[in-house]
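A.B. asks: output the structure for:
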Amino acid sequence: MSLNITVNVSEYIAANKYNVDEENVHIGFCNDDIDQLDDAEFGKLVRVCPAALYKVGPDGRKSFDYAGCLECGTCRIACEGSILSKWENPKPMMGVVYRFG
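C.D. replies: Numbering: from 1, shown residues only. Below is the predicted model:
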């Protein structure tokens, strides 16, 4: 018996609610100019972030948006001490609110 189940992660993530704390960014880099960050280290973040918040465009420019963060800490584990200088849990009542599962 073959069991083919496909999980659409985007649908699950889209069900979440985000209370974004605009005044207190909970993830920070060691350089304010994101394009100056080490390419190999930033590439780790692109590969490991389950919410796909770290991106490199076709022109090679890097981008990041903490607003959809799932607060899993994977980026902290991958790059804390290299290009990531700050990772904190958002303040109470801020951040992700899981609505499915």
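
A.B. asks: for this protein, which spans come out with low pLDDT?
C.D. replies: Scanning the chain for pLDDT under 70 picks out 1-4, 6-9, 12-14, 16, 100-101.

A.B. asks: contacting residues around Val20?
C.D. replies: Tyr66, Ala67, Met94 (CB atoms under 8 Å, 6 or more residues apart in numbering). For the C-beta atoms, the positions are set from N, CA and C on the backbone; glycine is no exception.

A.B. asks: brain fart, Phe64
C.D. replies: Phe64 neighbours (CB under 8 Å, 6+ apart): Ile27, Phe29, Ile34, Leu45, Leu53, Tyr54, Lys55.

A.B. asks: these in helices, which ones?
C.D. replies: Among those, DSSP state H puts Leu45 in helices.

A.B. asks: turn the contacts of Phe64 into a markdown table, including neighbour count.
C.D. replies: Putting the contacts of Phe64 into a markdown table (neighbours: other CB atoms under 10 Å) gives the following:
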| residue | neighbour count |
| --- | --- |
| Ile27 | 20 |
| Phe29 | 20 |
| Ile34 | 14 |
| Leu45 | 23 |
| Leu53 | 18 |
| Tyr54 | 23 |
| Lys55 | 14 |
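
A.B. asks: using PDB, list the CA coordinates for stretch 74-81.
C.D. replies: Extracted in PDB, the C-alpha atoms of stretch 74-81 (Å, rounded to 0.1, in the frame of the first residue of the first chain):
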ATOM      1  CA  THR A  74      16.800  28.100  13.300                       C
ATOM      2  CA  CYS A  75      18.500  31.200  12.000                       C
ATOM      3  CA  ARG A  76      20.000  31.700  15.400                       C
ATOM      4  CA  ILE A  77      21.400  28.200  15.500                       C
ATOM      5  CA  ALA A  78      22.800  28.500  12.000                       C
ATOM      6  CA  CYS A  79      24.400  32.000  12.100                       C
ATOM      7  CA  GLU A  80      24.600  33.400  15.700                       C
ATOM      8  CA  GLY A  81      28.100  34.700  16.200                       C
END
